[in-house]
Every structure is written in C-alpha cells, then in structure tokens.
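1. after the sequence you'll find the predicted model.
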Amino acid sequence: MDDAAISFAEDQVRMLKEMTDGRRIRRRRFLAAVAALGVPASAFTLTPVSAQAREIVLVNWGGDAIGAFREAFVEPWVRAGNPQRVPIDGAGPSSARIKAMVESRRVTWDVCDRNLPASIELGQQNLLEEIDYSIVDRGKVRPEHAGRWGVGNYIFSFVLAWDTTAFGGRAPSSWADVWNLREFPGKRILRRHIDGQLEAALLADGVPPDRIYPIDVRRALNKIREIRQHTVFWGTGAESQQLFRDREVVIGNIFNTRASVIRRDTNNRVDYRYDGASSWVGAWIVPKGNPAGRDAFRLIASTQDPAQQVQLYRLLGNGPVNPAASAMLTPDEAKYDPGAPANWRVAIPANAEWYAEHSASVLTQFLEAIAS
C-alpha cells in the first residue's frame with residue numbers, strides 16, 4: 001500500500017459483501033483481478049464476454065467497488081448511448097504496475113482510481129496524461145481538486161470516533177482529548193500509517209489548523225510517542241471496526257466509512273465527528289499512452305454528474321466530490337457526508353503536494369517510532 005487512497009479503496013473491498021453474482025465481465029480482466037486479491041475464481045458466478053475493439057478500461061480496487069462503480073458510472077454511460085464498452089478491472093492500479101506498463105509501452109488501462117498525491121508523484125515521472133480540461137469540467141470540483149494529472153472523484157476522511165458509554169456521558173471535543181488519558185481513559189486507536197494521523201497529533205499538540213502543513217514530522221512523532229503504550233494501531237478498516245465493536249478501544253482515528261458502519265451496528269453506541277478530520281480526495285488518473293485516448297476524459301467527465309456521485313455514496317459511503325451533489329442528499333445523508341459543506345468547513349484537506357514529496361520517507365520514520 002503506497003498511499004491513503006489505495007488503503008481506503010482496498011478497504012471498500014473488505015467492507016461489503018460481493019455483488020458480482022450474475023454480472024458480465026471480461027474473463028481476462030476478471031481472472032487478473034481475483035488473482036491480485038488472492039481469491040479463487042471459483043468463488044464467483046460471472047458470465048465471461050468477448051473482447052470488443054472499442055472500450056475504455058476503468059481500473060479500481062475490486063470487490064464491491066466493481067459493482068458500485070458499474071452502477072454509479074458505467075450504466076449511465078451506456079444509457080447515454082456512448083458506443084464504447086467500459087469493462088472494470090479490479091486488479092488495483094498500483095504505481096508499480098502503471099510505471100511498468102508505461103515504460104514498456106504496453107498500456108492496457110485507460111482510467112484509474114487513485115488520489116491527488118499519487119497523481120503528482122506519477123505525473124512528475126511522465127507516467128500520466130495531463131487532464132484534458134477542455135473535456136473534463138473544472139467547475140464540477142473544488143479548485144484544489146482539479147490537478148494537472150488527476151481530478152477528484154470522491155472524498156473520504158479520517159475522523160475522531162469514540163464509545164459514548166466509556167466516559168460517563170462526556171464526549172470528546174477535539175483531538176487533544178484523544179491524548180487526555182486522565183479525563184478520557186482507555187485504549188486509543190490510530191492507524192498504522194501516516195495519513196491523517198500526523199495531522200491529528202499536531203492538532204492535539206496545539207498547532208492551528210491553518211499551520212498543519214508543512215508537517216513538523218518530529219513534533220508529530222513525539223506527540224504520538226506520548227500515547228504509544230496506550231494505543232492499538234490498526235492495519236485494516238475491518239480491524240478498526242472490530243476493535244470498537246468488541247470494546248477493546250474507546251477513542252481514536254478511523255475512516256469515516258467504518259465509523260458510519262460501527263455507529264449503525266452499535267445503535268449509536270459509537271459516534272464520530274468531522275471537526276478536525278483529515279479529508280482526502282480520490283482522483284481519476286490516465287496512464288500515458290492509454291489505448292482509448294481522449295475517450296478516457298469523456299468517461300471521466302460523465303462521472304462528474306452529481307446524481308452519479310450520490311449513487312456511489314449510497315453504495316459505498318464515498319463522499320461526492322462535486323459540491324452540487326450536496327443538494328441531492330437527504331438531511332441524514334448530508335450529516336455524515338465528508339464533503340457536505342458543514343463537514344468540509346471543519347475538516348483539514350490533506351496537502352497533496354506534501355504527501356507526494358514526503359510520504360515514503362516519513363512513513364519509515366513513523367513505523368520506527370511506534371515500534372520502538
């Protein structure tokens with residue numbers, strides 16, 4: 001896992017039951033996807049279809065994301081009368097695979113689900129096409145989500161979650177309370193990765209939200225060391241969910257999608273807040289020399305439709321990146337949407353440039369700090 005969006009997207013694979021039974025998908029790409037996930041092909045009921053000359057290959061992280069992307073994005077594309085098929089490859093568009101394809105000039109992917117830091121890192125290596133904004137509409141994303149090599153496709157957050165029965169009815173008001181062992185006793189939970197965790201540590205240490213970036217890595221790691229012995233570091237979203245469900249932890253930092261599921265499953269015993277959350281943006285990227293050419297950008301443009309993004313939110317919990325989608329949500333849906341105006345205002349958007357430059361080296365320091 002080389003960045004937050006990969007981890008979040010992979011978490012969606014584990015989060016919901018497979019919805020591929022009876023679906024039609026190209027055999028070659030299906031076998032590649034299940035092999036990457038370590039799942040036997042015999043576990044699925046699928047109908048192979050033959051390859052067609054005109055297609056746009058969309059790549060995501062498999063599992064339910066295949067069915068959800070198909071329903072939210074591909075089926076509207078087909079209904080609109082577009083001639084290109086859009087098979088979904090769930091093998092996972094890792095940086096290494098994109099680099100190998102482009103450098104060998106054997107690119108088979110057209111549109112990939114990554115994030116803005118990855119778009120900068122890969123784009124600077126000349127591995128991506130620049131987003132064609134004569135086709136893709138800048139006005140359908142926030143300005144900071146329209147990058148040179150990537151454009152936003154959904155929003156997710158790392159939020160402060162807590163067990164409402166653990167503190168005598170008191171609720172935490174900020175990340176400082178996660179570090180407050182006296183007034184909020186019990187096991188903490190943080191992610192075994194830097195994204196969204198360093199920001200929380202700095203906020204807890206009194207750094208103002210508008211001065212989080214560039215991240216003071218030494219200060220953030222020292223703050224995390226303060227509660228290391230009282231903290232469980234989660235590796236997967238499923239693990240974070242189970243730890244709260246089993247009451248092994250009482251407060252900490254998890255995906256908003258997992259927090260939403262735990263809240264529902266525990267009948268509101270676990271709650272969460274967006275104030276001070278670390279907000280991340282998934283992004284569409286296009287490998288250099290992709291077979292579908294400019295048609296890839298036409299597909300991306302079609303996914304900017306707010307109704308399609310609302311549908312993805314309802315299927316997977318990925319927040320709409322198009323601000324216009326907010327008006328289409330019910331009040332209860334908007335309350336838990338990371339991109340809703342009320343939640344976006346109080347969250348801290350991840351700095352894509354900082355992560356593109358520092359993620360790999362700082363992650364090594366972080367893992368050493370929580371292990372020592």
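-> That came through, no problem. Residues are numbered from 1 along each chain as shown.
2. residues in contact with the nearest residue to Gly150 once chain neighbours are set aside?
-> Closest residue to Gly150 apart from its sequence neighbours, by C-beta to C-beta, 6 or more residues apart in numbering: Ser119 at 2.6 Å. In this view, the C-beta of every residue, glycine as well, is placed from N, C-alpha and C. Applying C-beta atoms under 8 Å, 6 or more residues apart in numbering to Ser119 gives the contacts Leu128, Gly147, Arg148, Trp149, Gly150, Ala283, Ile285, Ala352.
3. same thing with Arg188?
-> Val178, Ile227, His230, Thr231, Val232, Val249, Val250, Ile251, Gly252.
4. what does Glu55 give?
-> Gln84, Arg85, Val86, Pro87, Ala292.
5. of the residues you listed, which is the nearest to Ile155?
-> Minimum distance to Ile155 across the contacts of Glu55 is 22.7 Å, recorded for Val86 (C-beta to C-beta).
6. if Val159 is in a bridge, with which residues?
-> Val159 has the following beta-bridge partners by DSSP bridges: Ile254.
7. so what's it up against?
-> Contacts of Val159 by C-beta under 8 Å, 6+ apart are Asn253, Ile254, Phe255, Asn256, Ala259, Tyr272, Arg273, Tyr274, Ala277.
8. okay if I get those residues as CSV plus neighbour count and pLDDT?
-> Converted to CSV, the contacts of Val159 look like this (neighbours: other C-beta atoms under 10 Å; pLDDT from 0 to 100):
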residue, neighbour count, pLDDT
Asn253, 26, 98
Ile254, 27, 96
Phe255, 30, 91
Asn256, 27, 92
Ala259, 29, 91
Tyr272, 21, 96
Arg273, 17, 96
Tyr274, 22, 96
Ala277, 27, 98
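9. from those residues, pick the one nearest Glu183.
-> Of the contacts of Val159, the one sitting nearest to Glu183 (C-beta to C-beta) turns out to be Arg273, at 16.7 Å.
10. assign Glu121 to helix, strand or coil.
-> Using DSSP: H, G, I helix; E, B strand; the rest coil, the structure places Glu121 in helix.
11. could you report the pLDDT at it?
-> pLDDT, Glu121: 94.
12. count the residues that sit near the closest residue to it other than its chain neighbours.
-> If the residues on either side of it in the chain are set aside, Glu121 comes closest to Ala356, at 4.5 Å by C-beta to C-beta, 6+ apart. Using other C-beta atoms under 10 Å, Ala356 has 20 other residues around it.
13. chain center to the helix or strand where Ala356 lies: distance?
-> Using DSSP states H and E, Ala356 maps to helix 352-371. How far helix 352-371 lies from its chain's middle: 18 Å, per C-alpha atoms, centre = their mean, to the nearest Å.
14. show residues contacting that helix.
-> 2-4, 115-121, 124, 147, 192-195, 197-198, 213-215, 217, 221, 224-225, 228, 231, 233, 281.
15. following the lengthiest strand in the chain, which helix or strand comes up?
-> Secondary structure assigned by DSSP state E gives strand 270-285 as the longest strand of the chain. Note on strand 270-285: by DSSP H and E, the next helix or strand toward the C-terminus is helix 295-302.
16. any buried residues in the helix or strand that comes right after that next one, and which?
-> Following helix 295-302 in sequence order, the next helix or strand is helix 306-316 (DSSP H and E). For helix 306-316, the neighbour count (16 or more other C-beta atoms under 10 Å) marks Pro306, Gln308, Gln309, Val310, Gln311, Leu312, Tyr313, Leu315, Leu316 as buried.
17. export those to JSON lines and tack on distance to Asp137?
-> JSON lines is the format used below for the buried residues of helix 306-316 (distance: C-beta to C-beta, whole Å):
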{"residue": "Pro306", "distance to Asp137": "11"}
{"residue": "Gln308", "distance to Asp137": "13"}
{"residue": "Gln309", "distance to Asp137": "13"}
{"residue": "Val310", "distance to Asp137": "17"}
{"residue": "Gln311", "distance to Asp137": "18"}
{"residue": "Leu312", "distance to Asp137": "17"}
{"residue": "Tyr313", "distance to Asp137": "19"}
{"residue": "Leu315", "distance to Asp137": "23"}
{"residue": "Leu316", "distance to Asp137": "23"}
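18. so can I have a markdown table of those showing pLDDT and distance to Ala340?
-> Formatted as a markdown table, these follow (pLDDT from 0 to 100; distance: C-beta to C-beta, whole Å):
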| residue | pLDDT | distance to Ala340 |
| --- | --- | --- |
| Pro306 | 97 | 13 |
| Gln308 | 98 | 17 |
| Gln309 | 97 | 12 |
| Val310 | 97 | 12 |
| Gln311 | 97 | 16 |
| Leu312 | 95 | 15 |
| Tyr313 | 94 | 10 |
| Leu315 | 89 | 17 |
| Leu316 | 85 | 16 |
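19. one step back: and the contacts of Arg188 as a markdown table, adding neighbour count and pLDDT?
-> Shown next, in a markdown table, are the contacts of Arg188 (neighbours: other C-beta under 10 Å; pLDDT from 0 to 100):
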| residue | neighbour count | pLDDT |
| --- | --- | --- |
| Val178 | 26 | 98 |
| Ile227 | 18 | 98 |
| His230 | 14 | 98 |
| Thr231 | 19 | 98 |
| Val232 | 15 | 98 |
| Val249 | 26 | 98 |
| Val250 | 23 | 98 |
| Ile251 | 23 | 98 |
| Gly252 | 29 | 98 |
